[in-house]
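S.K.: Predicted model and sequence below, questions to follow.
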Amino acid sequence: MKAIDTLKDRLLDIELPVPPPEAFDYTPTIFSAIAITIVIACVIFVRRSLTFRNKRLLRALNNNLTSSHITPKQAMYTLAGILRTSHKTKYLRADKSHPKEWDDFVTELSTFRYQAIEGEKDNALKLINQASRWLKVPRS
């Protein structure tokens, strides 16, 4: 027997070391966490936005008026306050720089707020439903 044959027989008895486990790839986990964080931040941003908040106030005002918790006149004052906050102004004005629909809406709202006799609930509900259209500043 040659020396090389005996060397081969001896090496067959040795077990190779166990290779280390493959490293875990955290990339998909990190991207998922970032995507979830961005989605949550967007949802929070939208829910806290002024327009969304004013739409919730209009729905609450509509519900309060429907269930007769407030009078139509009180509802109109609250509606005017919501619109003033939305437009970031002190006064709601009807002038030539705005569309005619806005002018009609503001005129009707003012008439309804300052009339001596309590208005009808149906007209107030109609104005509240129209108000969601005017939450942003009207442009001609």
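M.R.: Yep, it's here.

S.K.: Longest helix in this protein, by number of residues?
M.R.: Determined from DSSP state H, the single longest helix within the chain is helix 27-48.

S.K.: And it, what's buried?
M.R.: Residues of helix 27-48 classed as buried: none (neighbour count, 16 or more other CB atoms under 10 Å). All C-beta atoms are positioned from the backbone trio N, CA, C, and that covers glycine.

S.K.: relative to helix 27-48, how tilted is the helix or strand following that helix?
M.R.: Where DSSP states H and E defines the elements, the next helix or strand beyond helix 27-48 is helix 50-66. Relative orientation of helix 50-66 versus helix 27-48 (axes from the mean of the first three to the mean of the last three CA atoms, to 10 degrees): 50 degrees.

S.K.: now helix 50-66, how far from the centre of its chain.
M.R.: 14 Å (CA atoms, centre = their mean, to the nearest Å).

S.K.: From the contact counts, what lies against that helix?
M.R.: Counting contacts by 3 or more CB pairs under 8 Å, 6 or more residues apart in numbering; DSSP states H and E, helix 50-66 packs against helix 72-87, helix 121-131.

S.K.: what's next to it, contact-wise?
M.R.: Applying CB atoms under 8 Å, 6 or more residues apart in numbering, the contact partners of helix 50-66 are 46, 70, 72, 75, 78-79, 82, 85-86, 121, 124-125, 128-129, 131-132, 135-136.

S.K.: Show me which positions of that helix end up buried.
M.R.: Within helix 50-66, the residues that qualify as buried are 54, 55, 57, 58, 61, 62, 65, counting by 16+ other CB under 10 Å.

S.K.: quick check: angle from it to helix 121-131?
M.R.: Between helix 50-66 and helix 121-131, the angle comes out at 170 degrees (the same axes, to 10 degrees).

S.K.: State the mean pLDDT of helix 50-66.
M.R.: Taken as a whole, helix 50-66 carries a mean pLDDT of 89.

S.K.: same check, this time on stretch 16-29
M.R.: 85.

S.K.: tally of neighbours for residue 21?
M.R.: Per other CB atoms under 10 Å, the neighbour tally for residue 21 reads 6.

S.K.: which secondary structure element contains it?
M.R.: Under the criterion DSSP H and E, no helix or strand holds residue 21.
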